[in-house]
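Engineer: Predicted model and sequence follow; I will ask about them next.
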Amino acid sequence: MKGKEIIPISLSQELSLSDGEKQEFTNKRKSFLSELRCITGLPEVIASLNQDTVYKLVLAPEGAKLFKDAQGNLKGVFYKDGKIVEHAKLQEVGPSMLKAAKAVGAQVLLVSIAMQLNRIEEQVSKIFIEFHCDRIAEIEAGKSLFRQACGMQNSENRERMVLDAITELTRGFEKTVSALERQIAELPEQKLSFLDNWGGDKSKEAKERHQMAMESFSACLRALKTLARCHLFLEERDVALDLVDYGLTKIEKAGVDVAYVRSRLVPAINKIFPEESWKQFIEYRKTFDSRSFSNLIRPEEDIVEIEIRPSEFMEIANAKV
């Protein structure tokens, strides 16, 4: 499978990133544009394009690695509105460009994964407003440590704080996903009848059990998102991807399919059916399974897609002169 590094003009605003993470993306993107500038033939092609239009440059040689094709040229195509507007024959470049692309593409990829998990988590929050955070204190502590690390200027202190955050988040995730498995196993298996409420409030008990399971589910997603951001901060792309896949697999095996079936017995809460969150996760996992993560970590061929505005490229080129 081809490994695709997608580099947009800017990161999505859907996920709340720290100023440090945003600056990291900007710096890495500029570094990649500087590498592109060194490719013979590319500046001339870009100079001929409309300077304020956003184009997509695709670097994808057929049957070869990004920086080597049969003729010794790099294959580049500019797209606008899904149509090819310019071809570029580019001289062979060194592997440093691919390294720069992977550095910025990793952040884009992990942000995209985090956004998907965020949407599932938001669905949970619409159902239950009050969470028992004392049960997931380690995860919250890990998130807090990561936020502090993002604001630090000293690189050694920042790295130490991120490592501490990883420790807290990992411990919290393992505890919470174990609790999730127990909580799902304890969910009611059938609809409640009038007799079930005779002498007690079984409906209330069922709702509370679902709430506990969904709190743990949401906490696991938060831990995974932050762990991925931690490893990305340390420039450990493959570790981050492997960890997210590991975590999603653990959540899956905790009994998400069972939770989905049993949550269908619970009436809508705040106009939202609890089953929707579990369903979202199941559908997400179908499209982003372990094989998908494995292909991202070990692609057969490298492809780079970058959104580029010629004017910003020329600014960097002129600054280098």
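Structural biologist: Structure received.

Engineer: quick one: terminal-to-terminal distance for stretch 59-78?
Structural biologist: End-to-end distance of stretch 59-78: 9 Å, with Cα to Cα, to the nearest Å as the criterion.

Engineer: Nearest the geometric middle of this protein, what residue?
Structural biologist: Centroid-nearest residue in the chain: Ile113, 2.4 Å away (criterion: Cα atoms, centre = their mean).

Engineer: wait, isn't that residue in contact with Phe288?
Structural biologist: Yes: under the criterion of Cβ atoms under 8 Å, Ile113 makes contact with Phe288 at 7.4 Å. (Each C-beta comes from the backbone N, C-alpha and C, glycine too.)

Engineer: For Arg29, which non-adjacent residue is closest in space?
Structural biologist: The shortest distance from Arg29 to any non-neighbouring residue, by Cβ to Cβ, 6 or more residues apart in numbering, is to Val104 (5.1 Å).

Engineer: Show me what secondary structure element comes after the helix or strand encompassing that neighbour.
Structural biologist: In this structure, Val104 sits in helix 96-127 according to DSSP states H and E. As assigned by DSSP H and E, the chain's next helix or strand after helix 96-127 is helix 137-150.

Engineer: SS state for Glu307?
Structural biologist: What DSSP: H, G, I helix; E, B strand; the rest coil gives for Glu307 is strand.

Engineer: which residues does it bridge with?
Structural biologist: In this entry, Glu307 is beta-bridged to Lys56, by DSSP bridges.

Engineer: what about it, how many neighbours?
Structural biologist: If you count neighbours by other Cβ atoms under 10 Å, Glu307 ends up with 15.

Engineer: Report the contact partners of it.
Structural biologist: Glu307 makes contact with 7-9, 54-56, according to Cβ atoms under 8 Å, 6 or more residues apart in numbering.

Engineer: show me where pLDDT drops low in the stretch 1-150 of the chain?
Structural biologist: Along the stretch 1-150 of the chain, segments meeting pLDDT under 70 span 1-4, 14-15, 40, 60-76, 87-99, 102, 123-135.

Engineer: picking up where we left off before, is the residue nearest to Arg29 in contact with Leu33, as I believe?
Structural biologist: No: counting by Cβ under 8 Å, Val104 sits too far from Leu33 to count as a contact (9.5 Å).

Engineer: who has more neighbours, these two?
Structural biologist: Val104 (26 against 19).

Engineer: contacting residues around that one?
Structural biologist: Val104 touches 5, 7, 25, 28-29, 31-32, counting by Cβ under 8 Å, 6+ apart.

Engineer: Repeat that for Gly105.
Structural biologist: By Cβ under 8 Å, 6+ apart, the contact set of Gly105 is 4-7, 304.

Engineer: same thing but at 7 Å, please
Structural biologist: For Gly105, the contacting residues are 5-7, by Cβ atoms under 7 Å, 6 or more residues apart in numbering.

Engineer: between those residues, which is closest to Asp19?
Structural biologist: Closest approach to Asp19 among those (Cβ to Cβ): Ile7, at 20.1 Å.
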